[in-house]
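> Following is a predicted model, sequence given first.
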Amino acid sequence: MMRKIWSFALLVGTFLLLVVGGCGSKEDQTSGKATENEKEIKLVKEGKLTFAMSGLLKPLNYKENDKLVGFDVEIGKEIAKRIGLEANPVTNPWETILQGLKGNKYDAIIGSMTATEERAKQVDFSDPYYISGAQIFVSESNQSLGKKADLTDRKIGVVQSSTYQQDAEQYTKNIKSYPSDVYALQDLEPGRVDAVITDKIVGIHAMKEAGLKIKPVDKVLKQENIAVAVNKDNPILLAEINRAIASMVEDGTYKKISEKWFGVNLLEK
């Protein structure tokens, strides 16, 4: 009888140890993981993903009734939601936007920034969230510029501190810088510049929505991968952003957002 009682007590004790031990392990792992992530994801504002853009790049990012809207904004909000953070889009002048990121004014740049080798020396880039290219635009009435070789020694307009500056330098030294693509494109018709090099998507949208009498010339000068920029000391945030982008593409959310703004999937080459 004593042997049976002892065996039963031993069995109950072992079961309790397993239950308590199992619960403790699960709790420790869960809380430990959350604490670790909170420490490793560096945010300028707790619980928020603060991301910057110029706010002057319609339809990618611009202000409407004092509110930031556009494709970049919607992509940023979806990324923030999937990470479990509140979206906090802000604006910063494009020419100092990298300095602002490095100075911890915001957590990321989601503002149609091209991932280049030069920029990658300063910041880390996510997987691309859209693919575009540098396109030449001229006035609709311009018959002397029909191909990229015709740009030689012409006056070309570009956005300040953009990669299009280097594209223009291949053809001319006569380059005029603008604070936004729209201002540059508006100068084509009155002849203040002969051509503008800008993002293909921006130029096409300006033709359709703003009614600018301009046209594209030749094929894109180069393909560009547009990505999210984060500081190099924030690898967990970068991984979470990549995970969010991948899940958006996988479940079809990305395609819906892209087609809403452009009628096409911008990740399809």
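Alright, I've got the coordinates.

> Only C-alpha atoms from now on, for both contacts and neighbour counts.
Fine.

> Can you tell me the element the spatially closest residue to Ile83 that is not a sequence neighbour falls in?
Computed as CA to CA, 6 or more residues apart in numbering, the closest residue to Ile83 that is not its neighbour in sequence is Glu240, at 6.4 Å. According to DSSP states H and E, Glu240 maps onto helix 235-250.

> What residues of that helix count as buried?
237-238, 240-245, 248 (16 or more other CA atoms under 10 Å).

> With stretch 58-65 instead?
Residues of stretch 58-65 classed as buried: 58-63 (neighbour count, 16+ other CA under 10 Å).

> Tell me the strands beside the biggest strand by length in the chain, with direction?
Determined from DSSP state E, the single longest strand within the chain is strand 130-139. Partners of strand 130-139 in the sheet, by DSSP bridges, are strand 195-199 (antiparallel), strand 214-217 (antiparallel), strand 223-230 (antiparallel).

> with the buried residues of stretch 58-65 in mind, which one is nearest to Val138?
Closest approach to Val138 among the buried residues of stretch 58-65 (CA to CA): Lys58, at 18.7 Å.

> how about that closest one, what does it touch?
Contacts for Lys58 were tallied using CA atoms under 8 Å, 6 or more residues apart in numbering; they are 70, 182, 202, 205.

> quick one: low-confidence parts of the stretch 1-150 of the chain?
1-39 (pLDDT under 70).

> so where do the helices sit in it?
Secondary structure of the stretch 1-150 of the chain by DSSP state H, counting those that start in this stretch: the helices cover 2-40, 71-83, 97-102, 117-120.

> and the third one, which residues are buried?
Residues of helix 97-102 classed as buried by neighbour count (16+ other CA under 10 Å): 97-98, 100-102.

> any idea how far the nearest residue in space to Pro128 that is not next to it in sequence lies from Ile110?
Among residues not flanking Pro128 along the chain, Ala227 sits closest, at 4.4 Å (CA to CA, 6+ apart). Ala227 is 7 Å from Ile110, where distance means CA to CA, to the nearest Å.

> can I get the strands paired with strand 130-139 in TSV with mean pLDDT, distance to Thr91 and mean neighbour count?
Converted to TSV, these look like this (pLDDT from 0 to 100; distance: least, CA to CA, whole Å; neighbours: other CA atoms under 10 Å):
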stretch	mean pLDDT	distance to Thr91	mean neighbour count
strand 195-199	95	19	27
strand 214-217	93	28	19
strand 223-230	94	15	22
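
> For stretch 249-264, report the contacting residues that lie outside it.
59, 70-71, 74-75, 245, 248, 265-266.

> That one - what's its average pLDDT?
Taken as a whole, stretch 249-264 carries a mean pLDDT of 93.

> Name the nearest of the buried residues of stretch 58-65 relative to Tyr106.
Distances from Tyr106 to the buried residues of stretch 58-65, taken as CA to CA, are shortest for Asn61 (16.4 Å).

> what helices or strands is the helix or strand where Ala184 lies leaning on?
Using DSSP H and E, Ala184 sits in helix 181-186. In this structure, helix 181-186 makes packing contacts with strand 56-57, strand 156-159, strand 195-199, helix 200-209, judged by 3 or more CA pairs under 8 Å, 6 or more residues apart in numbering; DSSP states H and E.

> Just list what the second one packs against, helices and strands only.
Under the contact definition 3+ CA pairs under 8 Å, 6+ apart, strand 156-159 sits against helix 164-169, strand 175-178, helix 181-186, strand 195-199.

> Now with 6 Å, please.
strand 175-178, strand 195-199 (3 or more CA pairs under 6 Å, 6 or more residues apart in numbering; DSSP states H and E).
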